[in-house]
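need coordinates for the following:
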Amino acid sequence: MNITEEKVLEALQEVIYFKAGDNIVNLKMVHDLKIDGNKISFSLVFPKKVDQSNEIVVNRAKKALKDALGEDLDIEIGIKSEKDIGGGPLASIKNIIAVASGKGGVGKSTVAVNLAIALSKTGAKVGLLDADIYGPSVPTMMDLESQRPNATEKDGKTRILPLDKYDLKVLSIGFFVDPEQALMWRGPMASKALEQLFNDTEWGDLDYLILDMPPGTGDIHLTIAQEYPITGAIIVTTPQKVALADVLKAATMFRQDKIYIPVLGLVENMSYFTPEELPDKKYYLFGKSYSESFAKRLNIPFLGQLPIVEGLAEASDAGKPAALLEDSIPGKAFKELAGNIKKGINALKSK
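Numbering: from 1, shown residues only. Prediction:
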């Protein structure tokens with residue numbers, strides 16, 4: 001029998017991927033199809049590379065081909081994830097940046113929110129996803145506590161529409177839960193919720209999606225690192241030595257072979273106090289830090305220091321992030337940080 005691409009695809013239309021409710025051809029899951037005599041090879045592209053149902057679909061595909069085209073076929077089917085081929089619901093996002101910390105209380109969310117705004121002020125299209133499932137603070141910091149996202153239908157699926165605020169597309173688990181109710185979820189349930197925020201959201205075209213990660217290292221971090229095309233991570237710390245000890249844990253996590261994500265650099269928050277009326281004065285309340293030398297030791301860039309400024313916390317609590325005022329002391333610091341992040345990504349992609 002003369003085996004053609006048309007006959008192969010016709011046979012594969014009998015294979016249904018039940019999770020998506022359609023056949024693998026219509027779902028464009030068949031990738032890099034090659035035919036050489038009676039040898040057929042291709043990859044099947046799944047949302048996740050590791051899933052118990054993947055092998056079932058592969059076996060059904062082999063059976064469908066042999067039933068339609070002959071038992072003597074030599075069939076080779078590989079498994080790829082949407083992440084592997086740059087596809088999936090996040091394909092229209094150019095860069096995904098994870099903002100992480102080894103411990104809580106270092107101002108990670110403050111950095112994530114203000115970095116997103118600073119990047120937006122460069123003319124970039126930016127989204128902000130609050131991935132801190134157990135302690136979402138983005139709704140408060142963006143003055144969106146009482147808001148709820150709308151939904152739309154696209155390709156037969158319900159999609160979440162992120163909220164628009166300060167020229168950002170914003171989404172948080174905090175929009176869907178009672179702010180006074182503690183989330184007592186086990187790891188798999190939290191990971192599933194995060195998966196929906198990623199995959200079921202209509203992000204549109206973005207230059208940057210900023211992720212406010214949970215503090216520490218755990219299930220959420222593994223899920224994000226393994227399942228999504230993260231461009232790079234930045235780690236937030238404070239000047240104290242105890243905070244730097246946790247930086248090492250975070251950096252080590254991102255450098256593991258199974259989940260390798262480039263570390264774009266280290267950001268030191270609350271580095272010094274500068275009075276509004278004395279912008280040239282720097283008071284090192286926690287002492288001169290070791291962050292820059294520590295970054296060199298870890299062989300990661302040092303992205304800069306962020307000051308403590310009177311009113312910064314109050315502004316965040318009021319939903320008016322400091323980066324909105326570009327000429328303010330913190331506004332200038334976040335503008336510089338955004339520039340360093342852009343340079344780091346460009347350097348990373350030029351390698």
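
alpha carbons only for contacts and neighbour counts from here, please
OK.

which strands or helices does the longest helix anywhere in the chain pack on?
Taking DSSP state H as the criterion, the chain has its longest helix at helix 329-349. Contact analysis of helix 329-349 by 3 or more CA pairs under 8 Å, 6 or more residues apart in numbering; DSSP states H and E lists helix 108-120, strand 263-268, strand 302-305 as its packing neighbours.

if you set the cut-off to 7 Å instead, what comes out?
helix 108-120, strand 302-305 (3 or more CA pairs under 7 Å, 6 or more residues apart in numbering; DSSP states H and E).

per-residue pLDDT, the closest residue to residue 38 other than its chain neighbours?
Once flanking residues are discounted, residue 38 sits nearest to residue 73: 5.2 Å by CA to CA, 6 or more residues apart in numbering. Note for residue 73: predicted pLDDT of 94.

residue 332 now?
89.

burial measure for it, as a count.
Neighbour count for residue 332, taken as other CA atoms under 10 Å: 17.

ok, now which ones touch it?
residue 326 (CA atoms under 7 Å, 6 or more residues apart in numbering).

nearest approach to residue 52 belongs to which of the helices and strands packed on helix 329-349?
helix 108-120 (35.1 Å; CA to CA).

and residue 64, what does it touch?
Residue 64 sits next to 11-12, 14 when contact means CA under 7 Å, 6+ apart.

and it, how far from residue 22?
Distance, residue 64 to residue 22, by CA to CA, to the nearest Å: 15 Å.

what segments of the protein are helices?
Taking DSSP H as the criterion, the chain carries its helices at 5-12, 52-69, 108-120, 138-141, 187-199, 219-227, 241-254, 291-298, 312-317, 329-349.

now do the fifth one, average pLDDT.
In this model, helix 187-199 has a mean pLDDT of 78.

just checking, what packs against that helix?
By 3+ CA pairs under 7 Å, 6+ apart, helix 187-199 packs against helix 219-227.

in CSV, list the helices and strands packed on helix 329-349 along with distance to residue 194.
As requested, those are exported to CSV (distance: least, CA to CA, whole Å):
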stretch, distance to residue 194
helix 108-120, 17
strand 302-305, 28
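
and those, which one's lowest on average pLDDT?
strand 302-305 (a mean of 90).

if we can go back for a sec, the helices of the chain: lowest mean pLDDT?
Comparing mean pLDDT across these, the lowest value falls on helix 312-317: a mean of 69.

if I look at the closest residue in space to residue 138 that isn't next to it in sequence, how far off is residue 3?
Leaving aside its sequence neighbours, residue 138 sits nearest to residue 130 (CA to CA, 6+ apart; 6.2 Å). For residue 130, the distance to residue 3 (CA to CA) stands at 50 Å.

cool, and residue 273?
Distance of residue 273 to residue 3, computed by CA to CA: 73 Å.

and the residue nearest to residue 138, what does it touch?
Contacts of residue 130 by CA under 7 Å, 6+ apart are 136, 138, 171-173, 211-213.

what of residue 167?
Contacts of residue 167 by CA under 7 Å, 6+ apart are residue 120.

what is the burial count for residue 154?
For residue 154, the tally of surrounding residues (other CA under 10 Å) stands at 9.

ugh, wrong one, I meant residue 34
Using other CA under 10 Å: residue 34 sits among 14 other residues.

mind listing what the residue lying closest to it once chain neighbours are set aside touches?
Sequence neighbours aside, residue 41 is the residue nearest to residue 34 in space, at 5.3 Å (criterion: CA to CA, 6+ apart). When contacts are counted by CA under 7 Å, 6+ apart, residue 41 touches 33-35, 75-77.

same deal with residue 142?
Neighbours of residue 142 in contact, by CA under 7 Å, 6+ apart: 319-320.
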